[in-house]
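Trainee: Sequence first, predicted model second:
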Amino acid sequence: MTPDTDEVVDAEIVEPDLLPAIPAPIEPVRALVDRHTMLRPGQAVPTTADRPAYTEADFRISEATAQLLDTAAPANTTRQYSSARRQFEAWCLDQNRVHLPCTTATFTEYVGHLIRSDKAPSTIQVAMSAIRTWHPDGQQPGTKEASEALREHARRRARRRPPKKAPAIRSDLLAQLVATCDGPGPADARDACLLTLGWGMLSRRSELANLRMDSLTIEDDGVTVFVAHSKTDQAAKGASTFVPADPTRPELCPVVRTRAWLERLAVLGVHDGPLLRALTAGGTLGPRHTAARGDFMSPDAVGAIVKARAAKAGVPDPSRITAHGLRRGPAQEIAEAGEDPTAQGRWKPGSPTVRKHYVEPAEGKTNNPIAAVRRLQAKRAALAAPAAADR
């Protein structure tokens, strides 16, 4: 305020070196369109002025949500992806390349490195998926060239070597494995249950490992098993499978063997929770597997039990026997009996895997045209034999 006027002038004290004040430049409004943009009649062209004003809160997630994301992927997938990412990072370090986010050239060169190392196509596919999902959205490397190279590698590799498949555990082999479970220990009762129930439900090893005691309904004519989630049921809708009893062979009957194991669990003081449990050498309950799985056995442990029983049964090359054989064996026998194993094995309806690996091979044996020719030849030879004898 001055003596000559009543006008008040607003001012603030500033540092001398900040004068004169320079206003921040205003970004000109630009259109936000590209070659994929489609505008309906009367729709305005989107511009930078239409962008939302994000704050830090829009990018934060809570600690609880972060933990959910960290445990969202199946444990086996997490291990595979973690290993693949470590190997990619180490290779990039050795090649003096940036691993995250990597360029398409780096990604393609790494796939070429795996191909030159003659890695299995499935292994390379896992690595590619692990690397791409490691990248933030919008920063993933391109895959066109690498995928084309992988397809050609798969074709060349298939010509050089046939695919290796786990041997099928058919009825006769199942009997050999179960025969090793007639000892008095709890592990014998557990493993007999694992083998007979797993075979009857065409189980994946992860499905067996995740079974709960209250997932079973045991009746004299069979066991109804509720599978809460599986490889083809990631949404965890669940499915029930009925495993019939085998009254003619009680040693292979899933009802007999499952009841015997539940009785053993009751003696150990277990009445609910996971069906298959780790045991010590002395026959007591083993320690919790991991914090994540608790008292549930791991799928790897299920596979180890099957291999151990194969070795004990004296099966040639028992290292080739895997838990997947409990799925392949009965699927083959069902198909050879003229039935479809899809529902029993919880494959998706119309699964090409079932058609290619089980139904078509069985039909190839039953309806084989060469076999039909030989049957006709044998019939003709049988009719011609009496005529030749008369001469």
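Mentor: That came through, no problem. None of the values given here were measured: they were computed from a predicted structure.
Trainee: now Q67: how far from A57?
Mentor: Applying CB to CB, to the nearest Å, the value for Q67 to A57 is 20 Å. From N, CA and C alone the C-beta is placed, and that goes for glycine too.
Trainee: If you count surrounding residues, which of those two has more?
Mentor: With neighbours defined as other CB atoms under 10 Å, Q67 and A57 compare such that Q67 has more, 10 against 6.
Trainee: Apart from its neighbours in sequence, what residue is nearest the one residue sitting closest to the centre of the chain?
Mentor: In the chain, the centroid-proximal residue (CA atoms, centre = their mean) is K231; its distance is 5.4 Å. Closest residue in space to K231, ignoring its immediate chain neighbours: R204 at 6.1 Å, by CB to CB, 6 or more residues apart in numbering.
Trainee: For S240, see how far away that neighbour is.
Mentor: R204 is 16 Å from S240, where distance means CB to CB.
Trainee: ok, those two, which is more surrounded?
Mentor: Taking neighbours as other CB under 10 Å, R204 and S240 compare with R204 leading, 22 against 12.
Trainee: show me what contacts that one?
Mentor: Going by CB atoms under 8 Å, 6 or more residues apart in numbering, R204 touches S230, K231, A323, H324, R327.
Trainee: In helices only, show me these.
Mentor: With DSSP state H as the criterion, helices contain R327 from among those.
Trainee: And the contacts of R204, which of them are buried?
Mentor: Taking 16 or more other CB atoms under 10 Å as the criterion, what is buried in these is S230, A323, H324, R327.
Trainee: could those residues go into CSV alongside pLDDT and distance to A192?
Mentor: Formatted as CSV, the buried ones among the contacts of R204 follow (pLDDT from 0 to 100; distance: CB to CB, whole Å):
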residue, pLDDT, distance to A192
S230, 71, 23
A323, 93, 15
H324, 92, 19
R327, 92, 18
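Trainee: Looking at these, spot the one nearest D295.
Mentor: Proximity of the buried ones among the contacts of R204 to D295 (CB to CB) peaks at A323, which lies at 19.5 Å.
Trainee: The closest one contacts D300, doesn't it?
Mentor: No. A323 lies out of contact with D300 (CB atoms under 8 Å); the separation is 9.3 Å.
Trainee: residue ranges of the helices in the stretch 101-250 of the chain, please?
Mentor: Secondary structure of the stretch 101-250 of the chain (DSSP state H, counting those that start in this stretch): helices at 104-116, 121-134, 144-160, 171-179, 186-200, 205-209.
Trainee: Out of those, which gets nearest to V270?
Mentor: helix 186-200 (10.5 Å).
Trainee: how big is the angle separating that closest one from helix 171-179?
Mentor: 160 degrees (axes from the mean of the first three to the mean of the last three CA atoms, to 10 degrees).
Trainee: on contacts alone, who are the packing partners of helix 186-200?
Mentor: helix 171-179, helix 205-209, strand 222-227, strand 239-244, helix 254-267, helix 299-312, helix 325-336 (3 or more CB pairs under 8 Å, 6 or more residues apart in numbering; DSSP states H and E).
Trainee: Any chance of TSV for those, columns distance to L383?
Mentor: Listed next are the helices and strands packed on helix 186-200 as TSV, based on distance: least, CB to CB, whole Å:
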stretch	distance to L383
helix 171-179	37
helix 205-209	53
strand 222-227	48
strand 239-244	43
helix 254-267	48
helix 299-312	48
helix 325-336	30
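Trainee: among the ones you listed, which is the most enclosed?
Mentor: With neighbours defined as mean count of other CB atoms under 10 Å, the helices and strands packed on helix 186-200 peak in mean count at helix 205-209, which reaches a mean of 24.
Trainee: Show me what that one packs onto, helices and strands only.
Mentor: helix 186-200, helix 299-312.
Trainee: can you list the ones you listed in JSON lines and add distance to D221?
Mentor: As requested, the helices and strands packed on helix 205-209 are exported to JSON lines (distance: least, CB to CB, whole Å):
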{"stretch": "helix 186-200", "distance to D221": "12"}
{"stretch": "helix 299-312", "distance to D221": "26"}
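Trainee: low-confidence ranges in the stretch 151-300 of the chain?
Mentor: Applying pLDDT under 70 to the stretch 151-300 of the chain flags the ranges 163, 232-234, 236, 289-291.
Trainee: Now do the closest residue in space to P244 that isn't next to it in sequence against T241, distance only.
Mentor: If the residues on either side of it in the chain are set aside, P244 comes closest to G222, at 4.3 Å by CB to CB, 6+ apart. Distance of G222 to T241, given as CB to CB: 10 Å.
Trainee: and what of C92?
Mentor: C92 sits 46 Å away from T241, going by CB to CB.
Trainee: coming back round to it: the residue nearest to the centre of the chain touches S206, doesn't it?
Mentor: Yes. Look at K231 against S206 with CB under 8 Å: they come within range, at 7.2 Å.
Trainee: after the strand or helix carrying T353, next one along is what?
Mentor: Following DSSP states H and E, the helix or strand that holds T353 is helix 352-354. Moving toward the C-terminus from helix 352-354, the next helix or strand (DSSP H and E) is helix 360-366.
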